[in-house]
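>>> build the 3D model from these lines:
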Amino acid sequence: MRIMNLILFQIIIFIGFGIQALTGFGGSMIAMPLCIAVAGVEISKPVITAMALYTAVLVGFEQRKNINQKEMLKISVVMLVWMAVGVWLYKIVPMDFLKIIYGIIVVCIGLKKLLLPDMKNVPKSVMLLALSAAGIMQGMFISGGCFLVIYAVGVLKDKQEFRGTISSVWCILDIVLLISYYFDHSFTAPALTQTLIAIIPATLATFIGALIARKIKQQTFLFISYILLVISGIVLLLTSF
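Take a look at the predicted model:
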């Protein structure tokens, strides 16, 4: 990887997981499209999965007393089933097609969050459908966060409970993904090198994000994260054609 690409890659990691620390979700979905454009899927996917696990452990440990264990187990079981489907699709569908579909989904989610008010009193069937979609997207591109939120906001009312529970879910799912990467040899030497380097910006982002979260309205950062989501999706689309 060229020096400029390496620097951009680490900056993207810092921004994505800084937002993850603030909101409890969305870090991988913001970082993944941009990282793919800079370094390709083969490096981006294992590195971001490892950083997602690392930052989830940091936040989950901080919020360990606020974890809703019943919902954590329910969410994890459903998402693990559908995550297996996502991993399977990732292996059999052509990557160029997947990148275009992924870019479109990311842009649509970002625009929806920016332009349309959040749904209130979401039907249970829609919540379960969103949870299934979250599992599929997590298995394909480590990007199930925005779908998971549709379910989570309906069952996790407290902000700290939300952050703690969602972070513990990411821990479980990302451990399973990393084990699968080990067996399919996804962790190449370049990916491992970038993972070790990425620990520094991911750590800084997590602690800075947590400090800012205590002082600034979360809604402001949600707005910024949705804008970044749209930009990430557009960049992925432009680099896929």
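
>>> can you give me the neighbour number for the residue lying closest to Cys35 once chain neighbours are set aside?
Leaving aside its chain neighbours, Cys35 sits nearest to Ser44 (3.9 Å; criterion: CB to CB, 6 or more residues apart in numbering). No exception for glycine: its C-beta is placed from N, CA and C like everyone else's. Neighbour count for Ser44, taken as other CB atoms under 10 Å: 26.

>>> show me what the host helix or strand of Leu211 packs onto, helices and strands only.
Using DSSP states H and E, the element containing Leu211 is helix 189-215. In terms of contacts (3 or more CB pairs under 8 Å, 6 or more residues apart in numbering; DSSP states H and E), helix 189-215 is packed against helix 3-23, helix 41-62.

>>> would you reformat the ones you listed as a markdown table and include mean pLDDT and distance to Gly154?
Below are those laid out as a markdown table (pLDDT from 0 to 100; distance: least, CB to CB, whole Å):
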| stretch | mean pLDDT | distance to Gly154 |
| --- | --- | --- |
| helix 3-23 | 87 | 17 |
| helix 41-62 | 89 | 21 |
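
>>> SS state for the most centrally placed residue in the chain?
For the chain, Ser28 is the residue whose C-alpha lies nearest the centre (CA atoms, centre = their mean; 2.9 Å). The local conformation at Ser28, judged by DSSP: H, G, I helix; E, B strand; the rest coil, is helix.

>>> neighbours of the closest residue to it other than its chain neighbours, how many?
Distances taken as CB to CB, 6+ apart put Ile142 closest to Ser28, at 4.5 Å, once the chain neighbours are dropped. Counted with other CB under 10 Å, the neighbours of Ile142 add up to 29.
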